[in-house]
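> Below are the sequence and a predicted model for it; my questions follow.
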Amino acid sequence: MKKNLSEYLTTSVKYSCDVCVAGGGIAGIAAAISAARAGHELGIKTDVILLERGFMLGGLATAGLVTIYLPICDGLGNQVCYGLAEELLKLSIEYGHEDKYPKVWLNGGTKAERAKSRFVVQFNAQLFAMSAERLLKESGVRILYGAVAAEAKVENEKIKYIIIEGKGGREAIEVSRSVIDCTGDADICKLSGAKTAIYPEGNKLAAWYYGYGNHDFRLYMCGVHDTPSGVANIDLDDEQRFGGLSTEELSKMTEISHAALMNNFLTRRIDIPDLVPVTIATTPEIRMTRRLVGMYEQDISEDTASYEDSVGIYPNWKKSGPVYELPLSALYGREVKNLLTAGRCISVSNAMWDITRVIPVCAVSGEAAGVAAALSSELESADIKKIQACLKHRGVLLTRGELYGV
């Protein structure tokens, strides 16, 4: 028989901010920096708090060891993503790259040369996480590590308080303007009553790790991994799928991943006797779980669509050619007026989800959400022209027409 425990809780309001960003992955980093900068740029007081449940920024890109900054170009020699998407790429290799250095993109190559290789790079997770922390602090963002969002208190269709749980116990953050859900799992959307959708297919098993042996330090992509060419290399059980939204399931997945990783390592050690694992993922390598059902749901077929509320553009990382405009209306919903999303939980179709979950799109959507959050607590009536002007002032391209000069 299922048991329920009734609790009566009194929670102290320990913090207050104008904008609260939940989740310190790439989307959360971009959103928090963007919101803080927008406050300075527009002369609007904007106190930003960033919540991170772990103790390392970057999410899947760092703690998950998905250390490949996928393309910010269209595959035809044109850079698509600017603003924070470009800034964070350069930040990720500030102290050196690991692999896939985009020489022709960073060292003044011609368009013909750029068309032969995409603007992608492999970076060091630890250096990127610490560099991102520095950039956030320089931008005036307050970071709360070890803070898990446990509840969202909604008043008059707006989130008024985010309840967190951490080493200090249960505490509340009072929010005066907006909240940005960058959890990757649409946790704040779910907690606040916003409409959400679950990825129906589940996630394939991955167990990436770094190893050192034979004087060589490298990333071993054990399990599912996609490349910009769209080819998946599966060397683990391809039948298992994980939704990623329960403690029990994530625990099971972690145990299976660790066993698979150990087996992969021992197999490789036959040929590389001195091979040792250096780093393993400290967060589950889950890509798509739950997302917002927003005012607009973008689909993969819309690579020629234009939107009046476009707040950025991004490429299809799997193949050359398609470039999508990002409508602001895909970042917020109807139910909660001051809630935005960015990164892996924006409002897209299932087919589009795999295109928008990656680092460049997380940065593009995070930057747009940050500006919108700094400017308004009523997203449906937000001044889209002012949001767009702020982004354009930063050098962000908003439409394909701006990219191709038409």
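Nice, thanks for sending it over.
> Quick one: distance of the host helix or strand of residue 152 to the chain centre.
If you go by DSSP states H and E, residue 152 is part of strand 148-155. In terms of CA atoms, centre = their mean, to the nearest Å, the centre of strand 148-155 is set 21 Å apart from its chain centre.
> Mind giving me the packing neighbours of that strand?
Where contact means 3 or more CB pairs under 8 Å, 6 or more residues apart in numbering; DSSP states H and E, strand 148-155 is packed against strand 158-166, strand 169-181, helix 187-192. C-beta here means a position set from N, CA and C on the backbone, and glycine is covered the same way.
> who's in contact with the longest helix along the chain?
Ranked by number of residues, the top helix in the chain under DSSP state H is helix 247-269. Residues external to helix 247-269 that are found in contact with it (CB atoms under 8 Å, 6 or more residues apart in numbering): 205-207, 209, 211, 213, 220, 222-223, 235-237, 240, 242-244, 275, 277, 280-281, 284-286.
> any idea whether residue 314 is helix, strand or coil?
Three-state call for residue 314 (DSSP: H, G, I helix; E, B strand; the rest coil): strand.
> next one: residue 32
helix.
> Contacts only, for it.
Here residue 32 is in contact with 19, 21, 48, 50, 136, 139, 141, 180, 370 (criterion: CB under 8 Å, 6+ apart).
> redo that, cut-off 10 Å
19-21, 23-24, 48-52, 57, 132, 135-136, 139-143, 180, 182, 366, 369-370, 373 (CB atoms under 10 Å, 6 or more residues apart in numbering).
> out of those residues, which are inside helices?
Filtering those for helices - DSSP H - leaves 132, 135-136, 366, 369-370, 373.
> Neighbour count, distance to residue 72 and pLDDT added to those, as JSON lines?
Shown next, in JSON lines, are the ones in helices among the contacts of residue 32 (neighbours: other CB atoms under 10 Å; distance: CB to CB, whole Å; pLDDT from 0 to 100):
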{"residue": "132", "neighbour count": "27", "distance to residue 72": "17", "pLDDT": "98"}
{"residue": "135", "neighbour count": "19", "distance to residue 72": "18", "pLDDT": "98"}
{"residue": "136", "neighbour count": "22", "distance to residue 72": "21", "pLDDT": "98"}
{"residue": "366", "neighbour count": "35", "distance to residue 72": "14", "pLDDT": "98"}
{"residue": "369", "neighbour count": "34", "distance to residue 72": "18", "pLDDT": "98"}
{"residue": "370", "neighbour count": "35", "distance to residue 72": "18", "pLDDT": "98"}
{"residue": "373", "neighbour count": "34", "distance to residue 72": "23", "pLDDT": "98"}
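> Among those, which one lies nearest to residue 311?
residue 369 (8.4 Å; CB to CB).
> could you measure residue 251 against residue 257, distance?
11 Å (CB to CB, to the nearest Å).
> And the helices in the stretch 1-150 of the chain, which stretches?
Applying DSSP state H, counting those that start in this stretch to the stretch 1-150 of the chain gives helices spanning 26-42, 83-92, 103-106, 111-114, 125-138.
> most packed of these?
Burial of these is given as mean neighbour count (mean count of other CB atoms under 10 Å); helix 26-42 ranks first at a mean of 28.
> Dump the C-alpha coordinates for that one into CSV.
The C-alpha trace of helix 26-42 is given here as CSV (Å, rounded to 0.1, in the frame of the first residue of the first chain):
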residue,chain,number,x,y,z
ILE,A,26,25.2,26.4,-20.8
ALA,A,27,21.7,27.8,-21.1
GLY,A,28,21.7,28.9,-17.5
ILE,A,29,25.1,30.5,-17.8
ALA,A,30,24.1,32.4,-20.9
ALA,A,31,20.7,33.4,-19.4
ALA,A,32,22.2,34.7,-16.1
ILE,A,33,25.0,36.7,-17.8
SER,A,34,22.6,38.1,-20.4
ALA,A,35,20.0,39.2,-17.8
ALA,A,36,22.7,40.9,-15.7
ARG,A,37,24.2,42.6,-18.7
ALA,A,38,20.8,43.7,-20.0
GLY,A,39,20.2,45.5,-16.7
HIS,A,40,23.5,47.4,-17.1
GLU,A,41,22.9,48.1,-20.8
LEU,A,42,19.4,49.4,-20.3
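> Please consider this matter closed, and thank you.
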